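Chemist: Need coordinates for the below:
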Amino acid sequence: MAEREPVINDFQIMIATVNGSGSQTANTVILRSLFRMGIPVNGKNIFPSNIQGLPTWFTIRLSKNGYIARLEDYHILVAMNEQTIADDLANLSSGGVCLYPEEWAINRSRDDVIYYPLPVKALVDASEAPVTLKSYVANMVYVGALATLLNISLDEIEFSLNFHFGGKAKPVNLNMSIVRTAYEWTQDHLAKADPYLVEPMDRTEGMLLLDGNSAAAMGAVFGGVSVVAWYPITPSTSLVDSTREYLQHLRTDKETGKATYAVIQAEDEIGAIGMVIGAGWAGARAMTATSGPGISLMTEFTGLAYYAEVPAVIFNVQRMGPSTGLPTRTSQGDIISTYFLGHGDTKHVMLLAGSLEEAFEFGWRAFDLAERLQTPVFVMLDLDLGMNLWMGKVFEYPDEPMDRGKVVTAEDIERAGKFARYEDVDGDGIGYRSLPGTDHPLSAWFARGTGHNEKAVYSERPEDWLANMHRLNVKFDTARELVPQPEVNLANGAKIGIIAYGTSDACVIEGRDRLKEQGVETSYLRLRALPLNDVTRDFIAAHDRIYVVEANGDGQMAKILHMEYPELAGRVHSLAYSDGLPLTARWLTTSLLEQER
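Modeler: Now for the predicted structure:
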């Protein structure tokens, strides 16, 4: 094979293993080590929805230019699953590298691939690892081999192991001993024939590496959450697990040792959202976290909270549907179902997180919006953001006091001489509410899901129903200006505009650069919330064609744009794709250019 120019900090590694084999430790250690070397990276775990035994893949993308979207190609294959190695090899890029256990009799028919056999079994057998741990620490062999071949700092690998094991010396030393043994063996026995290398950079200074569920959980704690009710469901479970951990650390009374919060696992999602609504009615900041199937079970209670106007925060970490679908694959498939969740005329406020920073920010801001608007607020993540490791800037402490909304006290009611729970005093569609225990005879009100008038009195009169629904529409219009606004990037003279949201942003950023290289200028609007306002309308009106990029099969956000702006619907075209994997810049570029022909 002809000698090639070095490829430095700009390639993708695919690690193929068996689920439950302990590979996650090895993979995250590599990822974190590269990150600490200052190299922009992104890691994506593709795993099955079972406990162990089925294939799993972990991709690590290095990009000196800072791109974090998934690549369709991989250049280095670490083949640790004998059942998938034939397919994994077939999909390896030409000129790529394959590391594999030397004891496997693999088909090396591809002459455009560089093979590095590793004595995995021999190195592990010679180690001091207990028999019960040998299969788990075997993955450290490829960590050491990659460290040699790519020039990854052993100091950073040791730091990353310490980080992973919380500084516990015994597991760190055990794993590091195998890393060093494999590192030295590779130095002595393998002649490097590939062009892939890493070099230190300074592109990650002041940044952190975290999963989106943890970021959202931290945001919720900073937002003052005190009640969490939930039922386990992939991929949202870790969001609640992280919330509990942060609350234990930050919300335990130092004098009494007692928790100043409640985290409750309900019997199902229906029970969970019921508890959240009850806590919100009582004045607590309450939340739940779930995914598509759980959202479906919460439909009726969510409608109650919408119509009774009770604040609640629901994190929806979207997974692949329909139905229970593919629980461990990613999707943006709950946009329409969540937006209109309920029975009859309901529309909900939705925050569309696309980064660690937004997962954190929306994690606390959702509580302010829920109480300001007195309504359920959904924070929309997806499995890719929620469960994978992303780079992000250090989070900014909320720069504004908590917004409890329109809450009246006994003194307020006494001064006014009256209290009508659903009266629109200020013209913004939002009534004033009192909290249970307010010491005034006029403060009580029924939180009705049935028809009611402005005094919260049961009513089936058509005029009362129409008046209430009109006021709720006014409130929704108020929300249009309160929610996080879109980010707009206009290109001079561009006739094409792209609209995206959530994690689709990563492929759009890279895709726009690729399109520009081909002479196609595009403007870009990134949605951050629903409902929409004139910023989005004006963006659509300013371009001949709009392409809405999203990871679902039906083009759900494109349909919402058609409904919101029917007079502009002819300009809005869907670029939707959903195979359970994050969108790629190659797909976006190819698909857009095909529609432009």
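Chemist: Now for the most centrally placed residue in the chain: which residues touch it?
Modeler: The centre of the chain sits closest to residue 385, judged by C-alpha atoms, centre = their mean, with a distance of 2.5 Å. Residue 385 sits next to 211-212, 353-356, 359, 502-503 when contact means C-beta atoms under 8 Å, 6 or more residues apart in numbering. Quick note: C-beta positions are derived from backbone N, CA and C, even for glycine.
Chemist: I'd like those residues written out as a markdown table, with distance to residue 162 added.
Modeler: Converted to a markdown table, the contacts of residue 385 look like this (distance: C-beta to C-beta, whole Å):
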| residue | distance to residue 162 |
| --- | --- |
| 211 | 19 |
| 212 | 24 |
| 353 | 30 |
| 354 | 31 |
| 355 | 27 |
| 356 | 22 |
| 359 | 26 |
| 502 | 33 |
| 503 | 30 |
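Chemist: What is the nearest of these to residue 372?
Modeler: residue 353 (19.0 Å; C-beta to C-beta).
Chemist: Would you mind listing the residues in contact with that closest one?
Modeler: If you count contacts by C-beta under 8 Å, 6+ apart, residue 353 has them with 212, 216, 359, 362, 379-381, 385, 502.
Chemist: do the same with residue 371
Modeler: Listed by C-beta under 8 Å, 6+ apart, the contact set of residue 371 reads 285, 311, 403-405, 407.
Chemist: Which one of these is nearest to residue 112?
Modeler: Using C-beta to C-beta, the contacts of residue 371 come closest to residue 112 at residue 285, 57.9 Å.
Chemist: Residue 135 should be in a helix, yeah?
Modeler: Yes: using DSSP: H, G, I helix; E, B strand; the rest coil, the assignment for residue 135 is a helix.
Chemist: contacting residues around the spatially closest residue to it that is not a sequence neighbour?
Modeler: In this structure, residue 135 finds its nearest non-sequential neighbour in residue 21, 6.4 Å apart by C-beta to C-beta, 6 or more residues apart in numbering. When contacts are counted by C-beta under 8 Å, 6+ apart, residue 21 touches 52, 80, 135-136, 138-139.
Chemist: Which PyMOL command selects the buried ones in those residues?
Modeler: Those of the contacts of residue 21 that count as buried under 16 or more other C-beta atoms under 10 Å are selected in PyMOL with:
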select buried, resi 80+136+138+139
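Chemist: any idea how far the residue nearest to residue 135 lies from residue 52?
Modeler: 7 Å (C-beta to C-beta, to the nearest Å).
Chemist: Can you tell me which one of the contacts of residue 21 sits lowest on pLDDT?
Modeler: Within the contacts of residue 21, residue 52 has the lowest pLDDT, namely 70.
Chemist: what number of residues lie near the nearest residue to it once chain neighbours are set aside?
Modeler: Spatially, and ignoring its direct neighbours in sequence, residue 52 is nearest to residue 20 (2.4 Å; C-beta to C-beta, 6+ apart). Residues lying near residue 20 (other C-beta atoms under 10 Å) number 17.
Chemist: how about the contacts of residue 21 in CSV, adding distance to residue 108?
Modeler: Shown next, in CSV, are the contacts of residue 21 (distance: C-beta to C-beta, whole Å):
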residue, distance to residue 108
52, 29
80, 17
135, 25
136, 28
138, 22
139, 23
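Chemist: how far out from the middle of the chain is stretch 396-408?
Modeler: With C-alpha atoms, centre = their mean, to the nearest Å as the basis, stretch 396-408 stands 24 Å off its chain's centre.
Chemist: For it, measure first residue to last.
Modeler: Length of stretch 396-408, first residue to last, C-alpha to C-alpha, to the nearest Å: 31 Å.
Chemist: who's residue 11 bridged to?
Modeler: Here residue 11 sits in beta bridges with residue 62, going by DSSP bridges.
Chemist: do the same with the one 4 residues further on
Modeler: Listed by DSSP bridges, the beta-bridge partners for residue 15 are residue 58, residue 78.
Chemist: quick one: it from residue 578, how far?
Modeler: Taken as C-beta to C-beta, the span from residue 15 to residue 578 is 25 Å.
Chemist: So between the two, which is more surrounded?
Modeler: Legend: neighbour count by other C-beta under 10 Å for residue 15 and residue 578, higher for residue 15 (28 against 18).
Chemist: Please identify which pair of the contacts of residue 353 lies farthest apart.
Modeler: Farthest pair in those, by C-beta to C-beta: 216 and 502, 12.8 Å.
Chemist: which neighbours do the two share?
Modeler: With C-beta under 8 Å, 6+ apart as the test, residue 216 and residue 502 both reach 353, 381.
Chemist: of these two, who's got more company?
Modeler: Here residue 216 and residue 502 are set side by side on neighbour count (other C-beta under 10 Å), and the busier one is residue 216, at 33 against 26.
Chemist: if I pick that one, what's in contact with it?
Modeler: Counting by C-beta under 8 Å, 6+ apart, residue 216 touches 239, 315, 353, 359-360, 362-363, 379, 381, 386.
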